Structures are given as structure tokens and as C-alpha cells.
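Peer 1: structural data only, the sequence is not supplied:
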């Protein structure tokens with residue numbers, strides 16, 4: 001199976017299955033199925049289409065930092081509010097050589113202007129680099145302590161394939177871990193996944209009970225052809241069909257269509273009835289350029305357009321934009337958009353505004369002048385942030401018709417970001433304080 005096709009199929013198998021049964025949740029399914037990114041972007045900006053003024057409005061932004069091996073070491077999430085990007089969440093990732101060992105998450109406290117602990121993950125691996133455990137703790141802000149939350153343990157068979165995952169939750173009343181969910185995996189002789197069984201822990205009987213199972217069927221060239229999901233309410237004695245997925249491929253091995261069926265009672269019989277379908281179109285580099293999402297009309301027994309995604313790539317074959325459309329009134333209507341930026345580039349929003357603001361001297365020592373001829377006299381908000389994203393307090397600010405003067409004599413040496421806004425527009429730039 002082509003590697004990209006394998007990624008898409010796994011996304012559908014392990015994420016999409018949760019949404020096939022409820023047709024109204026297809027919107028949530030679409031939002032979770034992200035496009036495949038071959039390169040690490042430095043930032044991604046999410047927009048929503050505003051029908052009232054027919055314009056794209058930014059709503060969230062993610063920025064990423066990587067080490068020399070292009071492994072993620074920091075992620076920031078920001079929201080667009082009052083014509084400015086405001087900090088929301090931060091994630092930091094730590095490695096031992098190239099092995100992931102820790103991940104910390106923080107929430108931005110706007111009142112105290114600082115990052116607050118949220119959750120922490122610890123990872124352990126075996127000698128060949130397979131994940132053995134993932135331990136999550138959450139920060140109790142009232143008690144100022146870290147508390148256990150969840151624990152995942154991973155087991156492998158003699159062929160080094162994942163054979164079991166057990167999820168534990170921490171019970172304060174018992175001061176102990178209790179199992180909650182278990183996954184078991186079975187493979188054929190060449191490593192194709194055949195059966196995925198899920199278990200729930202029965203606390204009264206203190207045993208694991210089967211409740212869901214997925215069967216995987218492959219064609220003659222080992223491409224995943226069909227997946228059938230079943231459920232039971234009597235620990236696997238009787239299984240009932242729930243959902244089915246069927247896959248077709250292009251001649252080069254790339255996935256062409258995925259169709260989800262539901263096991264429904266129809267005309268006095270239980271049958272497989274189409275639910276939704278996703279179709280893929282690729283460019284010459286085998287990258288997804290179009291994804292079509294269809295819902296099956298059970299009354300007319302026909303496929304109907306529902307969503308459409310269009311991906312755009314730059315000259316280096318990196319994903320640069322993904323646009324999402326809804327089918328309304330027999331035409332495609334803009335809904336959401338994501339833009340991707342690489343190699344340290346800032347977003348276009350920021351880049352445009354960098355060209356309209358002049359700072360001098362830069363580096364500065366005691367005084368910084370800001371020249372924004374468009375609205376210097378009407379500017380009413382000046383914000384300065386340090387390299388950590390924390391806002392600095394600037395007490396002495398003087399406004400004139402063309403220039404804004406800041407007294408920065410009390411600030412420490414370093415790199416800063418300044419934002420100037422008048423309510424309608426907001427411009428940003430960077431400056432350095434150096435003695």
C-alpha cells in the first residue's frame with residue numbers, strides 16, 4: 001500500500017469510525033480529518049468565511065518551533081481578538097537524543113500575564129524505540145500540585161507489532177489506577193492488521209468485557225479493501241454489525257474512495273446502507289489536491305454533495321493552503337481556510353503590517369520612536385511583548401500627528417514585539433533594546 005494512502009486509511013479507521021453512525025456529526029468528522037503535511041510548517045492560520053461582509057476572518061493561529069532534527073519542541077496556540085493575536089495555549093516537547101520523553105502544556109493567564117501549568121506527559125520506550133507507556137498528570141491550581149490523570153501501557157508481540165493498549169484512570173478515592181479501556185490487535189503473517197478488539201472494564205465483576213470489534217479485509221495486493229465494525233452487549237457471545245468501510249484505489253496505490261455503510265433496518269430487513277463517502281484527487285506529486293464529501297440520501301437513494309476541500313501547494317511541494325466549502329443552494333460556499341507558512345516566514349497579516357510601521361533607533365536604548373503616518377495621532381493602544389509572549393508595562397507614551405514616542409529606559413535588554421492599534425487597524429513590528 002502506498003504510504004500516503006496508508007496514512008489516510010488509518011485516519012479514517014481510527015478517527016472516522018466514531019462519526020459514521022451519527023450523520024449529523026459528519027461536520028465534526030471533517031474538522032478532525034486534517035490534510036497530510038509532508039513538511040513541518042512554522043505556523044498555521046485558521047480562517048472562517050464571513051458571509052455578511054464576504055471576507056476571510058482569522059480565528060486561530062498555531063506557531064511551531066523545531067530542533068535541528070525538525071522535531072517539534074514548542075507549539076503556541078493563539079486566538080484572533082480585537083484585531084490582535086492573543087495567547088491561549090503552549091506546548092513544550094523534550095527529547096533524550098532523538099527519543100521523546102516529556103511534553104508539557106500550559107494555559108495563558110491574561111490576568112497575571114503568565115503561563116500556568118495545565119498538564120504533563122511522560123513517555124517511556126523499550127530498547128528498539130517502541131512506546132511502552134504514556135503517563136499524564138494534570139495541575140491542580142487550587143492545591144498547587146500535580147495529580148495523576150491517565151496512564152497508557154503498550155505491549156508488542158514477538159514480531160514487534162503492537163498487540164495491546166491498556167488505558168488506566170486515576171481514582172482519588174482509591175488512591176490507585178483502575179483499568180478503563182483495552183485494545184487488542186491481531187495480524188496475519190505479513191503484518192496486516194486483521195482484528196482490533198476493544199474491551200471495557202467491568203468494575204463489579206473486576207473483568208475485561210468485549211464491546212467492539214473491527215475486522216480488516218485486504219485485496220490480492222494487500223491493500224485494505226474493507227473494514228467491518230461490530231458491537232456486543234454480552235462479552236462477545238453475539239456480535240452485531242454496526243458499520244462498514246470499503247476502499248477503492250487508483251492504479252498507483254493511492255486511495256480513491258472511502259465509503260461508509262450503516263447496518264440498518266430497511267424494508268423489513270437489516271441491510272448495509274450507504275452513509276457517507278470521501279473521494280480523493282491527487283496531483284503529479286501524489287499529493288491530495290481535492291477531497292469530496294458526500295452524504296447518501298436514504299429517501300432518493302442518491303449521493304449528494306456535502307463538503308469539498310481544496311489543497312494548494314507551493315513551488316517546493318509544501319502544503320500552503322486548505323480551503324473548505326459547504327454545498328448550499330446548488331453551489332459551493334466558502335466555509336473555512338487554513339494557510340501554512342514555512343522557513344520562519346510570518347503570516348501575511350503580520351507581514352503586510354510590518355511594512356507599514358517604522359521604528360527608530362533600532363536597536364534602541366532609552367527612547368523608541370514609532371512612525372505610522374496613517375494613524376499615529378489616533379492610535380489609542382500600544383502593547384509591547386517580550387520574547388516569551390508576556391506583555392511589558394510601558395508607562396510613558398507620547399503621541400503626535402506622525403510619531404509615537406516610548407520611554408523604554410526601564411526595560412531589560414532583549415528582543416520585543418510592539419503592536420499599535422486604533423480599534424480598526426493593528427500594526428506590529430520587532431525591535432531590540434541594547435545598552
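Peer 2: Arrived safely. Everything numeric here is computed off the predicted structure, so don't read it as measured data.
Peer 1: so where do the helices sit in the protein?
Peer 2: Under the criterion DSSP state H, helices of the chain are mapped to 3-14, 26-32, 348-354.
Peer 1: ok, of these, where does mean pLDDT dip lowest?
Peer 2: Per-stretch mean pLDDT for the helices of the chain is lowest at helix 26-32 (a mean of 36).
Peer 1: domains in the chain, by residue range?
Peer 2: Domain segmentation of the chain under automatic domain parsing yields 3-341, 356-433.
Peer 1: can you tell me which of those domains the model trusts least?
Peer 2: domain 356-433 (a mean of 73).
Peer 1: and stretch 208-220, what's buried?
Peer 2: Within stretch 208-220, the residues scored as buried using 16 or more other Cβ atoms under 10 Å are 208, 210, 211, 212, 213, 214, 215, 216, 218. For every residue, glycine as well, the C-beta is placed using N, CA and C.
Peer 1: next one: stretch 93-108
Peer 2: 93, 100, 103, 104, 105, 106, 107, 108.
Peer 1: how near is the third one to residue 170?
Peer 2: Spelled out, it's residue 103. Separation of residue 103 from residue 170 (Cβ to Cβ, to the nearest Å) stands at 18 Å.
Peer 1: okay, and the beta partners of the closest residue to residue 263 other than its chain neighbours?
Peer 2: Excluding the flanking residues, the one nearest residue 263 by Cβ to Cβ, 6 or more residues apart in numbering is residue 241, at 3.8 Å. On the basis of DSSP bridges, residue 241 is bridged to residue 230.
Peer 1: cool, residue 262 as well?
Peer 2: In beta-bridge terms (that is, DSSP bridges), residue 262 pairs with residue 243, residue 273.
Peer 1: from residue 129, how far off is it?
Peer 2: Residue 262 is 40 Å from residue 129, by Cβ to Cβ.
Peer 1: of the two, who's got more company?
Peer 2: residue 262 (21 against 9; other Cβ atoms under 10 Å).
Peer 1: that one contacts residue 276, correct?
Peer 2: No: the pair residue 262 / residue 276 is not scored as a contact, 9.5 Å apart, by Cβ atoms under 8 Å.
Peer 1: ok, how many other residues are close to residue 141?
Peer 2: 12.
Peer 1: for it, which non-adjacent residue is closest in space?
Peer 2: Among residues not flanking residue 141 along the chain, residue 116 sits closest, at 6.9 Å (Cβ to Cβ, 6+ apart).
Peer 1: what residues are up against that neighbour?
Peer 2: The neighbours of residue 116, taking Cβ atoms under 8 Å, 6 or more residues apart in numbering as the test, are 106, 107, 108, 109, 139, 141.
Peer 1: likewise residue 305?
Peer 2: Applying Cβ under 8 Å, 6+ apart, the residues near residue 305 are 292, 293, 294, 327, 332.
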